[in-house]
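S.K.: curious how this folds, go ahead:
(one chain, ligands or ions: 1)
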Amino acid sequence: MKRVGVIGGGQLAWMMAPAAQKLDMSLVVQTPQETDPAVAVANRAVLAAVADASATLQLAKQCDVITFENEFVDLAALAQIEAQGVCFYPKIRSLAPLLDKLDQRQFLQEIGVPTPRFTPIAEELKPQQLSQFGWPTVLKTRRHGYDGQGTFILQATDTLPSTAAATHWLLEEYVPFQCELAVIAARSAAGEIVIYPVVETQQEDQVCRRVFATGFEAATDQAEEIATRILQELDYVGVMGIEFFLTRQGLLVNELAPRTHNSGHYTLDACVTSQFEQQLRAVSGLPLGSPELTCAGAVMVNLLGYEVARRDYSEKRLALSQIPNASIYWYGKTARPGRKLGHVTVRLEPDQLDEAEQIADLIEQIWYPPLGSDDEDIYLEA
Ligand code: ADP
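M.R.: Next up is the predicted model:
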């Protein structure tokens, strides 16, 4: 039985567990809290911070290969562990240009992949540094940003974000995109590559709310070409999420996620091989599975927290389960505003492709409290 270690134990590792069982693999996670979603479904857990490399050494003793569901790791320390013979997929040198948003942008520029224009801000933030790409402009912390934390879309009149003075920043042009797209791509150690369908992602306040796998053929060739180039240049092994801005001039890459990704959750219900199974296949030397859709399309809606609460929302989940062809995933986390607590995927029939937005609206109507209700007040205040 192959033993796969996963650094991180959130919902991404949680969704890997059924695939591990299917492939007769055991899963050992490294994650800080006993209550983290994947602990209950993994075969074993090393309870430690994801950046704790000495814990990763313990993890390595229990596994044949280690992969990632969280990239906030101490890469220099992991490189030393790798040098001792521990197998990481993706390899540490494949991850090296990806963990810092500035390094990512520079890597993409070097290999000729289009990105928004950008510049680092090395010293303390000063208002006069921010105008070089016009307004609005986008300021990002270089490391540890996720779900829009650390991304600021600023107007000339806005005050500067009050993050720690030591933060290193990336400034970039604001892209007036037509829409945001994403693909999941995977590469095996043998160099085999598979690419899933292009999906549209919709963000609010820089957080992903909805994903539509309803056919974006016009962007497919360019997305596939970019994904292939990135995976090959990095000699990457594993699953990667690639986020794009669609502009009139074509695609720009916004971000690379070196792991399974929220834009690929729909693959659990709507593709021959889910992104989670694909990750396990890629890192353990199995042939990759087909990324094809098994239905006409799919819509995925994140269930974001809108209050601080320890509730299981069973009534809302029951109501959501009444939607035809819906699958509900509940991560079992404590609710906090903006936190991803679960998601719903609806498989679409061919005649439903035009109704995907309405289905997403319905899910959000069931999930979120109506505007003006007490719950909504909590959401707005938080
Ligand atoms: P995170 O790493 O937290 O996901 P991102 O860099 O992906 O942050 O940004 C989150 C969202 O912010 C994007 O999906 C997009 O909606 C918006 N955004 C980020 N960068 C830009 C940009 N340069 N121009 C316009 N919108 C942007």
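
S.K.: contacts for the helix or strand Leu78 falls within?
M.R.: Taking DSSP states H and E as the definition, one finds Leu78 inside helix 75-83. Residues outside helix 75-83 that contact it (Cβ atoms under 8 Å, 6 or more residues apart in numbering) are 53, 56-57, 60, 88, 91-93, 95-96, 99. In short, each C-beta sits where N, CA and C put it, glycine included.

S.K.: just stretch 348-364 next, same as before
M.R.: Residues outside stretch 348-364 that contact it (Cβ under 8 Å, 6+ apart): 209-210, 212, 214-215, 295-299, 301, 320, 323, 325-326, 344, 346.

S.K.: average pLDDT for it?
M.R.: Taken as a whole, stretch 348-364 has a mean pLDDT of 98.

S.K.: please apply the same query to stretch 120-131.
M.R.: Averaged over stretch 120-131, pLDDT sits at 81.

S.K.: beta partners of Ile121?
M.R.: Trp169 (DSSP bridges).

S.K.: got a list of what Leu252 touches?
M.R.: Leu252 neighbours (Cβ under 8 Å, 6+ apart): 114-116, 175, 177, 244-245.

S.K.: now swap in Val6 and tell me
M.R.: 13, 16, 27-30, 38, 42, 66-69.

S.K.: low-confidence stretches in the stretch 101-250 of the chain?
M.R.: 123, 163-166 (pLDDT under 70).

S.K.: would you mind naming what in it lies close to the ligand?
M.R.: For the stretch 101-250 of the chain, the contact set with the ligand under Cβ under 6 Å from any ligand atom comprises 116, 138, 140, 145-151, 172-175, 180, 203, 206, 243.

S.K.: what's Ala360 sitting at in phi/psi?
M.R.: phi -60, psi -40 (degrees, to the nearest 10).

S.K.: now the closest residue to it other than its chain neighbours: how far from Ser263?
M.R.: Leaving aside its sequence neighbours, Ala360 sits nearest to Arg210 (Cβ to Cβ, 6 or more residues apart in numbering; 4.7 Å). Using Cβ to Cβ, to the nearest Å, Arg210 is found at 10 Å from Ser263.

S.K.: so for these two, which residues contact both of them?
M.R.: Counting by Cβ under 8 Å, 6+ apart, the residues touching both Arg210 and Ser263 are Thr201.

S.K.: which of the two has more neighbours?
M.R.: When Arg210 and Ser263 are compared for neighbours, Ser263 comes out ahead with 27 against 23, by other Cβ atoms under 10 Å.

S.K.: grab the most central residue of this protein for me.
M.R.: By Cα atoms, centre = their mean, the chain has its centre lying nearest to His261, at 3.1 Å.

S.K.: flag every buried residue along the helix holding Leu78.
M.R.: 75, 77-79, 81-82 (16 or more other Cβ atoms under 10 Å).

S.K.: from the residues you listed, which is closest to the ligand?
M.R.: Nearest to the ligand among these: Leu75, at 17.5 Å, using Cβ to the nearest ligand atom.

S.K.: same for the helix or strand containing Ile230, what does it pack against?
M.R.: Using DSSP H and E, Ile230 falls within helix 217-234. Using 3 or more Cβ pairs under 8 Å, 6 or more residues apart in numbering; DSSP states H and E, the elements in contact with helix 217-234 are strand 179-187, strand 193-195, strand 238-247, strand 250-257.

S.K.: got a list of what the closest residue to Ala48 other than its chain neighbours touches?
M.R.: Take Ala48 and drop its neighbours on the chain: the residue closest to it by Cβ to Cβ, 6+ apart is Ala55, 3.2 Å away. Counting by Cβ under 8 Å, 6+ apart, Ala55 makes contact with 30, 46, 48-49.

S.K.: report the contact partners of the residue of the stretch 251-382 of the chain found nearest the ligand.
M.R.: Nearest residue of the stretch 251-382 of the chain to the ligand: Glu255, at 4.4 Å (Cβ to the nearest ligand atom). When contacts are counted by Cβ under 8 Å, 6+ apart, Glu255 touches 101, 104, 242-243.

S.K.: nearest to Thr159 among these?
M.R.: If you rank the contacts of Glu255 by distance to Thr159 using Cβ to Cβ, Lys101 comes first, at 22.1 Å.

S.K.: doesn't Arg143 make contact with that closest one?
M.R.: Yes: the pair Lys101 / Arg143 is scored as a contact, 7.4 Å apart, by Cβ atoms under 8 Å.

S.K.: out of those two, which sits in the more crowded spot?
M.R.: Lys101 (25 against 16).

S.K.: give me the pLDDT for the closest residue to Pro32 other than its chain neighbours.
M.R.: The spatially closest residue to Pro32, leaving aside those adjacent along the chain, is Ala49, at 5.1 Å (Cβ to Cβ, 6+ apart). If you check Ala49, the pLDDT there is 98.

S.K.: and Ala49, how far is that from Val239?
M.R.: According to Cβ to Cβ, Ala49 stands 23 Å off from Val239.

S.K.: what does Ala13 give?
M.R.: From Ala13 to Val239 the distance is 13 Å (Cβ to Cβ).

S.K.: can you flag the buried ones in the contacts of stretch 348-364?
M.R.: 210, 212, 214, 295-299, 301, 320, 325-326, 344, 346.

S.K.: fine by me, thanks again.
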